[in-house]
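Engineer: Sequence plus the predicted model coming up.
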Amino acid sequence: MRKEDAYQTIEQLWKDVESYLPGESPFRPRMLITRPREEAALHTALEEEAAPFLQDVFQSFYGWHVRQHPSGQVLARYRLLYGFLLQELLRLPEYQAIHALCEGQPEISLEAARIFTESLESKLAQDKDMERDWLILRLERLEAGFHRRAARLDRLLKLPGVPEGVLLRLGTRLHSLTEQEAHFRWELSCHLDLLREPVREAARLALERAEELYHVSSAWGLNPDSQSYASSNAILRRHLEENPVLLEISRYIGKLKEILSKRRENTVRYGQGENYDITYGRELSQLLPSESVLLARRETVPMFVERYLSGRLQQRQLREKTTMGKGAAIVCLDESGSMEGSKFVWAKSMAFALLGIFSRQERPMALVHFADADECRTDLFLPGCYTLEEALDSAQHFFCGGGTDFERPLRETIRLVEEQSLRDADILFLTDGECQVSDGFAQRFRQQKQTLGFHVTGVLMGDSEQETPFGITPFCDEIYTFQAMSQDSVAAVILSRLCA
């Protein structure tokens, strides 16, 4: 069977095996334990249709337990060469990471197995180690000869009156074959050792692909335990194939979620559950002991004074009482022509990373796309009231050119707060800052902001050091810029505050 046909056959098996479990997916991890008949059916079908090595690698990634073809069902070449490659894979730390991502997820497992096997097959095709192939062929023949003579000896031992000389010659021959096999196996092991690094490299490639697919899937909240997982995943794959930019957005959403997760893990807890981080400033009541000790010696006092005057003393940053991170959010996203490229990817990733978190927290969110005065679109995402298709459509939207007008999206924000009952909402304004608002509008907006009780955070994504946040200063309570902080740092701070 051709390799390409094997891959297509495995993909087709997802649909075939579903007939065993009407109405639900057979690929949830628990199915491997609670549904032995369906697991056996899947394994049998794969054994019949797929290349043995691909199937074994797939099972080692996908299953709870590693399952390989019984030695009696495959040729000696498979056991001697591919068996070594598989055992070497299982010894690597990369395998543990791959298995953690792939366990119970057939599509990720299949793609990772495909990358791994193709990488090794390419290496074997380029290698052309003729001596290794000759040793394998020789061991195959020795093994066949040993089994023939062993079977003959077994038959003769059951017959009466067989001369002892005949039995002795057969036994001697079997012993000779065993010694030859041991010698050839030792020689073969020297050649197989050269394949350890290609196995590790193939495992690295498979891990990278598994991580990418896992993050893309988790970026949009797809849960393998959900009954709608198969259909949702098919929708996501179709959109990703049609729009490469959406794939970049999905990858970065996964990265942002990792950043938020690590930031939460590194947050220190003390007392009655109060949280703090380490920051810099000149608040003497929050100094760390490592800074206070500078006052103990005359020689280090000038160092303390210098840090104090420059605001560079290390201190605890207490979690203050705040209204942020409790209610709804409205994201105003600049989609004018100047935002095209990496700025657009970052902004969309921020918006939909927030949407994923808000969805789990059952908090409403609105996304206001804007460009010039005539281009404004609002997508309202209420908990449980929108589909994956709608979210993907919103993520791919871009006005593709035109100027920038800040007043139109800000007026839309006021309307959403008033009409959609989004009081005390957190407003996130993402732009490269190539616009300004009039003084009269800025004054009216500040008054309405105070009356309605919402908070505006601005992010200036300009890529020039000369750009200043003056354009968004009149209506923002706080501003982050890519000149002052890295993109990941800005993302970590905003996600932490809005998703507390």
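Structural biologist: Received the coordinates, thanks.
Engineer: And the strands in the stretch 301-450 of the chain, which stretches?
Structural biologist: Taking DSSP state E, counting those that start in this stretch as the test, the strands found in the stretch 301-450 of the chain are 313-318, 329-334, 365-370, 376-381, 426-431.
Engineer: These: which one's closest to T404?
Structural biologist: Ranking the strands of the stretch 301-450 of the chain by proximity to T404 (CB to CB) places strand 329-334 first, at 6.2 Å. Bear in mind the C-beta positions are built from the backbone N, C-alpha and C, glycine included.
Engineer: Listing partners with orientation, what would you give for that closest one?
Structural biologist: Strand pairing for strand 329-334, using DSSP bridges, gives strand 365-370 (parallel), strand 426-431 (parallel).
Engineer: Quick one: end-to-end distance for stretch 460-477.
Structural biologist: This stretch, stretch 460-477, spans 13 Å end to end (CA to CA, to the nearest Å).
Engineer: any idea how far the residue of the chain positioned farthest from its centre is from G171?
Structural biologist: Distance from the centre of the chain peaks at G161, with 71.0 Å (CA atoms, centre = their mean). According to CB to CB, to the nearest Å, G161 and G171 sit 18 Å apart.
Engineer: which residues sit against whichever strand or helix holds Q87?
Structural biologist: For Q87, the host element (DSSP states H and E) is helix 83-91. With CB atoms under 8 Å, 6 or more residues apart in numbering as the test, helix 83-91 has contacts from 53, 56-57, 60, 66, 68, 95, 116, 120, 192, 195-196, 199, 202-203.
Engineer: Alpha carbons of the helix or strand following that helix, in CSV - could you do that?
Structural biologist: Scanning forward in sequence from helix 83-91 by DSSP H and E, the next helix or strand is helix 93-102. Below are the C-alpha coordinates for helix 93-102, written out as CSV (Å, rounded to 0.1, in the frame of the first residue of the first chain):
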residue,chain,number,x,y,z
PRO,A,93,11.9,13.3,26.6
GLU,A,94,10.3,14.7,23.4
TYR,A,95,8.0,11.7,23.3
GLN,A,96,6.6,12.5,26.7
ALA,A,97,5.8,16.0,25.6
ILE,A,98,4.2,14.8,22.3
HIS,A,99,2.1,12.1,24.2
ALA,A,100,0.8,14.8,26.6
LEU,A,101,-0.4,16.9,23.7
CYS,A,102,-1.7,14.0,21.5
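Engineer: Would you mark the buried spots in helix 93-102?
Structural biologist: E94, Y95, A97, I98, H99, L101, C102 (16 or more other CB atoms under 10 Å).
Engineer: ok, which stretches of the stretch 201-350 of the chain are helices?
Structural biologist: Taking DSSP state H, counting those that start in this stretch, the helices of the stretch 201-350 of the chain run over residues 229-242, 244-266, 289-292, 301-310, 342-361.
Engineer: centre of the chain versus the longest one, how much separation?
Structural biologist: In terms of CA atoms, centre = their mean, to the nearest Å, the centre of helix 244-266 is set 8 Å apart from its chain centre.
Engineer: again, but for the first one
Structural biologist: Chain-centre distance of helix 229-242: 16 Å, with CA atoms, centre = their mean.
Engineer: and the angle from that helix to helix 244-266?
Structural biologist: Per axes from the mean of the first three to the mean of the last three CA atoms, to 10 degrees, the angle that helix 229-242 makes with helix 244-266 is 120 degrees.
Engineer: hang on, the earlier thing: how near is the residue farthest from the centre of the chain to L167?
Structural biologist: 11 Å.
Engineer: what ranges of the stretch 401-500 of the chain fall below the confidence cut-off?
Structural biologist: For the stretch 401-500 of the chain, the stretches flagged by pLDDT under 70 are 401, 420-421, 423, 463-470, 500.
Engineer: one step back: select only the buried ones of the contacts of helix 83-91 in PyMOL?
Structural biologist: To isolate the buried members of the contacts of helix 83-91 in PyMOL, using 16+ other CB under 10 Å:
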select buried, resi 53+56+57+60+66+68+95+116+120+192+195+199+202+203
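Engineer: so what pLDDT did E118 get?
Structural biologist: Confidence at E118, expressed as pLDDT, is 89.
Engineer: correct me, but D334 touches E375?
Structural biologist: No. Between D334 and E375 there is no contact under CB atoms under 8 Å: 10.7 Å.
Engineer: out of these two, which sits in the more crowded spot?
Structural biologist: Set side by side, D334 and E375 show more neighbours around D334, with 27 against 19, by other CB atoms under 10 Å.
Engineer: so how far is R497 from the more buried one?
Structural biologist: With distances taken as CB to CB, D334 is found 21 Å from R497.
Engineer: just Q315 next, same as before
Structural biologist: Remark: distance between Q315 and R497 (CB to CB) = 19 Å.
Engineer: With L92 instead?
Structural biologist: 40 Å.
Engineer: Mean pLDDT per helix and strand in this structure: which one sits at the bottom?
Structural biologist: Ranked by mean pLDDT, DSSP states H and E, the weakest helix or strand in the chain is helix 31-34, scoring a mean of 29.
Engineer: Just put the helices of the stretch 201-350 of the chain in JSON lines and tack on distance to L416, mean neighbour count and mean pLDDT.
Structural biologist: Listed next are these as JSON lines, based on distance: least, CB to CB, whole Å; neighbours: other CB atoms under 10 Å; pLDDT from 0 to 100:
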{"stretch": "helix 229-242", "distance to L416": "26", "mean neighbour count": "16", "mean pLDDT": "76"}
{"stretch": "helix 244-266", "distance to L416": "23", "mean neighbour count": "17", "mean pLDDT": "75"}
{"stretch": "helix 289-292", "distance to L416": "45", "mean neighbour count": "12", "mean pLDDT": "83"}
{"stretch": "helix 301-310", "distance to L416": "42", "mean neighbour count": "13", "mean pLDDT": "82"}
{"stretch": "helix 342-361", "distance to L416": "15", "mean neighbour count": "21", "mean pLDDT": "88"}
